[in-house]
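Participant: Could you work out the structure for the sequence below:
(one chain, ligands or ions: 1)
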Amino acid sequence: MNSMEKRLNIGVLVSGSGSNLQSIIDHRESGLLDVNIRVVISNNPDAYALERSKKHEIPSVVIRHSDFRDREDFDRKVIEVLKDYAVELVVLSGFMRVITPAFLHAFPMKIMNIHPALLPAFPGVHAQQRAVEYGVKFSGCTVHFVDEGVDTGPIIIQSVVPVYDDDTEESLAARILKEEHRIYPRAIQFYAEGRIGVTGRKVRIRDSDRTCESALHNPPLAGF
Ligand code: GAR
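Facilitator: Got it, this is the predicted structure:
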């Protein structure tokens, strides 16, 4: 990027460990992600993600949801902080709060989320556990724009992982998380490059290669 070009300002919302935040920071620091991480906001004062932002000297703000009368009030405060930091894209990164219409209106098609399942399968909480219990042979993760539903917005990128017979919620979650760390920075960079077009539910990434057309099987067909 030319030094005169303006970098996209992002704000990252977290509630917990923040391993996706760490991946975004690492991609930023290795030059693969052309964004300014302007602020990290947590609704949980004990989130480990706050340690990560401190270590990398990224401003962080704790907004405890218990300090607010209702979701609207809480979201108003979050919007205010995001605007103060001139955030252009909001990145939900393990942020465990449902957001209100006022938030969506303040950042229309400018809020991304990552979900640990192949949406529209297993939206909501405990996605990895439900995938194991259901007996699916593949699961994965999805980056999508946020709309008024729970994990229902237009899909930007997905990654598929196998689910094995002896998987537990934990082993599957770990396999999926590795992929989350790859696709979230990629989706943000697509946005930063202005390559994302949205028509209705469909997201098109301009100038991206076509995924090779080979099917995956689990268990494998083994010469069949
Ligand atoms: C990730 O697996 C993310 O997909 C999930 O929470 C975890 C946060 O991990 N998000 C959701 O389930 C949202 N519905 P992290 O704090 O280590 O990035």
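Participant: how many other residues sit next to E180?
Facilitator: When neighbours are defined as other Cβ atoms under 10 Å, E180 has 23 of them. For the C-beta atoms, the positions are set from N, CA and C on the backbone; glycine is no exception.
Participant: Which element is encountered next along the chain beyond the helix or strand containing it?
Facilitator: For E180, the enclosing helix or strand under DSSP states H and E is helix 169-192. Helices and strands here follow DSSP H and E; after helix 169-192, the next one along the chain is strand 196-199.
Participant: Pull out the buried positions in the helix holding E180.
Facilitator: In terms of neighbour count (16 or more other Cβ atoms under 10 Å), helix 169-192 has its buried residues at 172-173, 175-177, 179-181, 183-192.
Participant: can you check stretch 19-29 too?
Facilitator: For stretch 19-29, by 16+ other Cβ under 10 Å, it's 19-25, 27-28.
Participant: For these, which two are the farthest from each other?
Facilitator: S19 and R28 (14.9 Å; Cβ to Cβ).
Participant: For the ligand, give me its nearest residue in this structure.
Facilitator: Here the chain gets closest to the ligand at one residue, G94, 2.6 Å apart by Cβ to the nearest ligand atom.
Participant: quick one: which helix or strand includes that residue?
Facilitator: Going by DSSP H and E, G94 is not in any helix or strand.
Participant: Give me the distance between it and Q158.
Facilitator: G94 is 18 Å from Q158, where distance means Cβ to Cβ, to the nearest Å.
Participant: swap in E29?
Facilitator: 26 Å.
Participant: what stretches of the chain score poorly on pLDDT?
Facilitator: Applying pLDDT under 70 to the chain flags the ranges 1-5.
Participant: State the three-state secondary structure for the residue positioned nearest the centre of it.
Facilitator: Nearest to the geometric centre of the chain sits I114, at 2.9 Å (Cα atoms, centre = their mean). Assigned with DSSP: H, G, I helix; E, B strand; the rest coil, I114 falls in the strand class.
Participant: For this structure, just list every one of the helices.
Facilitator: Secondary structure of the chain (DSSP state H): helices located at 19-29, 49-55, 71-84, 101-106, 127-134, 169-192.
Participant: what does this structure have sitting close to the ligand?
Facilitator: Applying Cβ under 6 Å from any ligand atom, one finds that the chain approaches the ligand through 16-20, 93-94, 114-116, 177, 180.
Participant: Need these in TSV (columns: distance to I63).
Facilitator: Shown next, in TSV, are the residues of the chain next to the ligand (distance: Cβ to Cβ, whole Å):
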residue	distance to I63
G16	15
S17	18
G18	16
S19	21
N20	19
S93	15
G94	16
I114	21
H115	22
P116	24
L177	25
E180	24
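Participant: okay, now the nearest residue to K202 once chain neighbours are set aside: neighbour count?
Facilitator: Computed as Cβ to Cβ, 6 or more residues apart in numbering, the closest residue to K202 that is not its neighbour in sequence is P154, at 6.8 Å. Neighbour count of P154, defined by other Cβ under 10 Å: 16.
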